[in-house]
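Chemist: Provided below for reference: sequence and predicted model.
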There are 6 protein chains.
Amino acid sequence: MPRPRPVSHEEASPEVRQVYDDIKAARGVPDVNNFWKYVANDPATLARTWASLQEVMKPGALDSLTKELLYVAVSVANGCDYCIASHSAAAAKAGMTPAMFNELMAVVGMASETNRLAIGWRIPVDDAFNS
Amino acid sequence: MPRPRPVSHEEASPEVRQVYDDIKAARGVPDVNNFWKYVANDPATLARTWASLQEVMKPGALDSLTKELLYVAVSVANGCDYCIASHSAAAAKAGMTPAMFNELMAVVGMASETNRLAIGWRIPVDDAFNS
Amino acid sequence: MPRPRPVSHEEASPEVRQVYDDIKAARGVPDVNNFWKYVANDPATLARTWASLQEVMKPGALDSLTKELLYVAVSVANGCDYCIASHSAAAAKAGMTPAMFNELMAVVGMASETNRLAIGWRIPVDDAFNS
Amino acid sequence: MPRPRPVSHEEASPEVRQVYDDIKAARGVPDVNNFWKYVANDPATLARTWASLQEVMKPGALDSLTKELLYVAVSVANGCDYCIASHSAAAAKAGMTPAMFNELMAVVGMASETNRLAIGWRIPVDDAFNS
Amino acid sequence: MPRPRPVSHEEASPEVRQVYDDIKAARGVPDVNNFWKYVANDPATLARTWASLQEVMKPGALDSLTKELLYVAVSVANGCDYCIASHSAAAAKAGMTPAMFNELMAVVGMASETNRLAIGWRIPVDDAFNS
Amino acid sequence: MPRPRPVSHEEASPEVRQVYDDIKAARGVPDVNNFWKYVANDPATLARTWASLQEVMKPGALDSLTKELLYVAVSVANGCDYCIASHSAAAAKAGMTPAMFNELMAVVGMASETNRLAIGWRIPVDDAFNS
């Protein structure tokens, strides 16, 4: 298989172009970023992912900034460089300051450390947390 | 090696007992949870981890609730059942409602999905995110 | 330690060259890919890995294509860019079409999402699945 | 936060009950498994996940059995015990024999080994796989 | 698929029994542990894994204790409770003291923390480490 | 958010410069590597991480070489390319030979394989390992 390539606006099917246009309108940007252009090779996943992302990321009990901070943290834990880059940008747009990023990263690091300690020491969950 | 066991308050060295007392005072709880009782088998790590955790989790650019939400999200991504249980409790104490937990989990799930899409499609980072 | 370097056919020991020749013959290719050239720095692991791979990947209850699809999926979940690239090529050679890759990636993404939901919601295994 | 609990059919809202009924009808089962009963605490994620899963797992370029095999493999790589149990059952229903499971697991193990070798040896992707 | 079950010595095929006997003789134990009894459902993987493990774990440039310490550390990072338990026992048999386990766990935790920091801060590898 | 940039010695605050000077003195190097220059964007995490690392990595029940080998192994399991590169260099400085690295990588690969086998076969921990 050749390395996947992005689908440009010009070569996009009407179905894909519709999603591109929706993303550009929703975000007020002149072009969509690479994530969408690559996933567009699979139009069904493109449409489903965009719809799901809008539903999940819209402000609710958590505001947009908090959701983007969580997205960045999970992306770091999962080791996805692309997602760290793109969602750090989205988080900054939603209000994340450099000081917030610093503290987010400190929490991600600390949690990863204590996660391993709890796993390696084979610590049973306290009754109080299971009831 | 026998399975690690918790260090009770009674059998704790003065050094360990001091950390236990600090945790109980800082949190206003009558006893420390299993995490500390197991890590107490290694007094140096116990003391260092408690000091680091206090520094990292104190409110700053991010408030305590946001930090606990991040802690839960990372623990889910890292697959640490103990940490999910204990930090969900801590998050609830800091103000997390069930509706917030629902949305947190939806973001964690969505991020994990798109993380894999970005990795599997081998998507290069946009120049805009690298500059 | 300097960055690991590939072992070329010319500088390879007879033992390593024998494995290179076996791989080239088995696959009908003029040269081995980087994976083998780097692991060749450790001739014992080279020989063992090549022998194991042949045993594991030979058609059996599952055909070669299905095995390569599984290999790609696991490599995405484990975040190994090299392995995604090389085993996507192997899968294509075994018959994977672009439409199959699209669906494979959709499954990997979906599974990663529901994996995290099951872990984060701390869902106990149904009795029916444990008996 | 108390440990999440399942939402029974009786206590389910009409919206949740509708999804339960859809799952039971689609699968021909008398009750839904725990995954759905726990995620039902978040009705929006329940509905979205069920809709997405149906779209992703329906036979297409890959048949249902292959998709379930991939689901199991990813769940093993991600360390989700619940998902291994539930999707092994689904795979068996779709035709997975014990011999197929054996080979699936052998591939997952082998891929995990070579994934780490490629990462640890810092192997660059061959030009042939990048073009 | 029913939950996998262990293969007892009595019900084992001659091929499987031979591996069991080899393991018992090599380790001087009256019975094999669950890992082997479950993997025995797949005799080919049983035989291959036992052969590979002996080759990999035999003392060489690294002694047996160091190899077992590494095995435990990787098992913690990969979140395998079974492997942490069994290889902690093997490490203890090879000479690991409680103080060594403490320090091993401290390193695993610290590495996991700085791994995430390096990933999240998107730190490029220094030229000195790439040459 | 723009991509994080390193903090040079010249632009560093006195607080950061003090840590840089400590690292250079402790390691006998003319400059600090990128890890520190990037984390220096968050002076509190810089100071805490350096202090913790010194405490964790100092020789104790395990010598410096063993600790660095463990650090490399965990970094491979966690997929951190930066950390593999930097700690392989540190391990070599502490005495790791190429033959040791070969065996370390063989153990990491083998453990990752059997970790997945134990998880996928859903193997219960033997009573002997739990008591």
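Modeler: All right, it came through fine. Numbering: from 1, shown residues only, chains lettered A, B, ... in the order given.

Chemist: buried sites along stretch A:122-131?
Modeler: Under the neighbour-count criterion of 16 or more other C-beta atoms under 10 Å in any protein chain shown, stretch A:122-131 has A:R122, A:I123, A:V125, A:D126, A:F129 buried. Heads up, the C-betas are built off the backbone N, CA and C, glycines and all.

Chemist: the worst-scoring helix or strand of chain A on mean pLDDT and chain B in contact?
Modeler: When the helices and strands of chain A are scored by mean pLDDT, DSSP states H and E, helix A:127-130 comes last with a mean of 95. Yes - using C-beta under 8 Å from any C-beta of the partner chain, a contact is recorded between helix A:127-130 and chain B, made by A:A128, A:F129, A:N130.

Chemist: wait, what's in contact with the last one?
Modeler: Just to be clear, that refers to A:N130. Neighbouring residues of A:N130 by C-beta atoms under 8 Å, 6 or more residues apart in numbering or on different chains: B:A85, D:R3.

Chemist: stretch A:96-108 vs chain B: in contact?
Modeler: Yes - residues of stretch A:96-108 contacting chain B under C-beta under 8 Å from any C-beta: A:T97, A:A99, A:M100, A:N102, A:E103, A:L104, A:A106, A:V107, A:V108.

Chemist: out of the residues you listed, which touch chain E?
Modeler: Of these, the ones that also sit near chain E (C-beta under 8 Å from any C-beta) are A:V108.

Chemist: just the buried residues from the residues of stretch A:96-108 next to chain B, in PyMOL please.
Modeler: Here is the PyMOL command that selects the buried residues among those (16+ other C-beta under 10 Å):
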select buried, chain A and resi 100+102+103+104+106+107+108
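
Chemist: I'd like the residues of stretch A:96-108 next to chain B as TSV, with distance to chain C, pLDDT and secondary structure appended.
Modeler: Formatted as TSV, those follow (distance: C-beta to the nearest C-beta, whole Å; pLDDT from 0 to 100; DSSP: H, G, I helix; E, B strand; the rest coil):
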residue	distance to chain C	pLDDT	secondary structure
A:T97	28	98	coil
A:A99	28	98	helix
A:M100	23	98	helix
A:N102	25	98	helix
A:E103	22	98	helix
A:L104	19	98	helix
A:A106	22	98	helix
A:V107	17	98	helix
A:V108	16	98	helix
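
Chemist: mind checking the SS state of the most centrally placed residue in chain A?
Modeler: The centre of chain A sits closest to A:Y71, judged by C-alpha atoms, centre = their mean, with a distance of 4.6 Å. State at A:Y71, reduced to three classes by DSSP: H, G, I helix; E, B strand; the rest coil: helix.

Chemist: who's in contact with it?
Modeler: Going by C-beta under 8 Å, 6+ apart, A:Y71 touches A:M57, A:C83, A:H87, A:A90, A:A91, B:V107, B:M110, B:A111.

Chemist: what of A:D126?
Modeler: Going by C-beta under 8 Å, 6+ apart, A:D126 touches B:N33, B:N34, B:A85, B:S86.

Chemist: which parts of stretch A:88-99 are buried?
Modeler: Going by neighbour count (16+ other C-beta under 10 Å), the buried part of stretch A:88-99 is A:S88, A:A89, A:A90, A:A91, A:A92, A:A94, A:M96.

Chemist: the stretch of helix or strand A:Y38 belongs to - contacts with which helices or strands?
Modeler: Assigned by DSSP states H and E, A:Y38 belongs to helix A:34-39. Applying 3 or more C-beta pairs under 8 Å, 6 or more residues apart in numbering or on different chains; DSSP states H and E, one finds that helix A:34-39 contacts helix A:14-27, helix A:43-57, helix A:81-93, helix B:98-120.

Chemist: highest mean neighbour count out of those?
Modeler: Most buried of the helices and strands packed on helix A:34-39 by mean neighbour count (mean count of other C-beta atoms under 10 Å in any protein chain shown) is helix B:98-120; its value is a mean of 25.

Chemist: hmm, that helix in reach of chain A?
Modeler: Yes - contact of helix B:98-120 with chain A (C-beta under 8 Å from any C-beta) involves B:99-100, B:102-104, B:106-108, B:110-119.

Chemist: got the angle between that helix and helix A:81-93?
Modeler: Computed by axes from the mean of the first three to the mean of the last three C-alpha atoms, to 10 degrees, the angle separating helix B:98-120 from helix A:81-93 equals 140 degrees.

Chemist: by how many degrees do helix B:98-120 and helix A:43-57 diverge?
Modeler: Orientation note: helix B:98-120 sits at an angle of 150 degrees relative to helix A:43-57 (the same axes, to 10 degrees).

Chemist: how's chain A carved up into domains?
Modeler: As recorded under automatic domain parsing, the domains making up chain A are A:1-58, A:60-122.

Chemist: output the ones you listed in a markdown table; the columns should cover distance to C:G79.
Modeler: Putting those into a markdown table (distance: least, C-beta to C-beta, whole Å) gives the following:
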| stretch | distance to C:G79 |
| --- | --- |
| domain A:1-58 | 16 |
| domain A:60-122 | 5 |
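
Chemist: isn't A:D22 up against A:W50?
Modeler: Yes - A:D22 is in contact with A:W50 according to C-beta atoms under 8 Å; the separation is 6.8 Å.

Chemist: ok so, going back, who's in contact with the helix holding A:Y38?
Modeler: Helix A:34-39 is contacted by residues A:4-8, A:19-20, A:23, A:45-46, A:49-50, A:82, A:86, B:114, B:117-118, B:121-126 when judged by C-beta under 8 Å, 6+ apart.

Chemist: for the nearest residue to A:L117 once chain neighbours are set aside, give me the pLDDT.
Modeler: Spatial nearest neighbour of A:L117, chain neighbours left out: E:G109 (5.0 Å); criterion: C-beta to C-beta, 6 or more residues apart in numbering or on different chains. pLDDT, E:G109: 98.

Chemist: could you measure from E:G109 over to F:V39?
Modeler: According to C-beta to C-beta, to the nearest Å, E:G109 and F:V39 sit 17 Å apart.

Chemist: for A:K58, same thing?
Modeler: Distance of A:K58 to F:V39, given as C-beta to C-beta: 34 Å.

Chemist: could you check which of the two is surrounded by more residues?
Modeler: It is F:V39, of A:K58 and F:V39, that has more neighbours when counted by other C-beta atoms under 10 Å in any protein chain shown, with 30 against 10.

Chemist: leaving out chain neighbours, which residue sits closest to the more buried one?
Modeler: Computed as C-beta to C-beta, 6+ apart, the closest residue to F:V39 that is not its neighbour in sequence is F:L46, at 5.0 Å.

Chemist: equivalent analysis for A:T45, please.
Modeler: Nearest to A:T45 is C:A106, by C-beta to C-beta, 6+ apart, at 4.9 Å.
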